[in-house]
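Peer 1: below: sequence and its predicted model.
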Amino acid sequence: MTLADYLPIGLMLILGVGFAVVAMYASWRIAPKNPTPEKLAPYESGIVPLQEPATRFPVKFYIVAMLFVIFDVELIFLFAWAVRFEDFGWGGVAAMAIFVALLVETLIYAWKRGALDWNVARRGRYRHIVAEDVPSGVEEAA
């Protein structure tokens, strides 16, 4: 492989970065500049926050985010493997089968542990906490 083989990649990189810079500069130049106090105020869901939130973010948000990253990286490896599929032979198929089996096992483990279950009222370990908030007919149905 020579340096000339990387020329299309370099051109695409230059075009991509150039387009981003030109688009950002054009939007900066064209956009009207009339800030008002309302536009400069902090904004979240249409409500100006008057105080810090009373509760912290639940750990479930971070667990789901980590699971998303794990399975997103899995797709990156699967695409790279699929591109070179014929070069790897049956050894590559076996290695990818083990890799996918471990990720499926991770998904099953997270599922069994309740990481993907957002219905807190239905889970046994939280029933005593949310029993006051849940109507009586809902608890027996679960």
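Peer 2: Right, received. Where do you want to start? Everything numeric in this text was worked out from a predicted model, so none of it was measured.

Peer 1: hey, let's count contacts and neighbours off CA atoms from now on
Peer 2: Will do.

Peer 1: farthest from the middle of the chain: give me that residue.
Peer 2: Distance from the C-alpha centroid of the chain peaks at residue 2, with 37.5 Å (Cα atoms, centre = their mean).

Peer 1: in the longest helix anywhere in the chain, what's buried?
Peer 2: Determined from DSSP state H, the single longest helix within the chain is helix 85-113. Within helix 85-113, the residues that count as buried by 16 or more other Cα atoms under 10 Å are 92, 96, 107, 110.

Peer 1: just those residues now: which is nearest residue 52?
Peer 2: residue 110 (31.5 Å; Cα to Cα).

Peer 1: confidence score at that closest one?
Peer 2: Residue 110 is assigned 84 on the pLDDT scale.

Peer 1: which ones are touching it?
Peer 2: Residue 110 sits next to residue 116 when contact means Cα atoms under 8 Å, 6 or more residues apart in numbering.

Peer 1: how close does it sit to residue 68?
Peer 2: Distance, residue 110 to residue 68, using Cα to Cα, to the nearest Å: 12 Å.

Peer 1: do the same with residue 88
Peer 2: Per Cα to Cα, residue 88 is found 28 Å from residue 68.

Peer 1: same deal with residue 105?
Peer 2: 15 Å.

Peer 1: quick one: low-confidence parts of the chain?
Peer 2: 42-49, 53, 118-142 (pLDDT under 70).

Peer 1: recalculate using a threshold of 80.
Peer 2: Counting by pLDDT under 80, the chain has low-confidence residues at 1, 38-61, 114-142.

Peer 1: what secondary structure does residue 54 sit in?
Peer 2: Put simply, residue 54 is coil when judged by DSSP: H, G, I helix; E, B strand; the rest coil.

Peer 1: which residues does it contact?
Peer 2: Here residue 54 is in contact with no residue (Cα under 8 Å, 6+ apart).

Peer 1: separation between it and residue 105?
Peer 2: Remark: distance between residue 54 and residue 105 (Cα to Cα) = 37 Å.

Peer 1: how about residue 55?
Peer 2: From residue 55 across to residue 105, the span is 33 Å (Cα to Cα).
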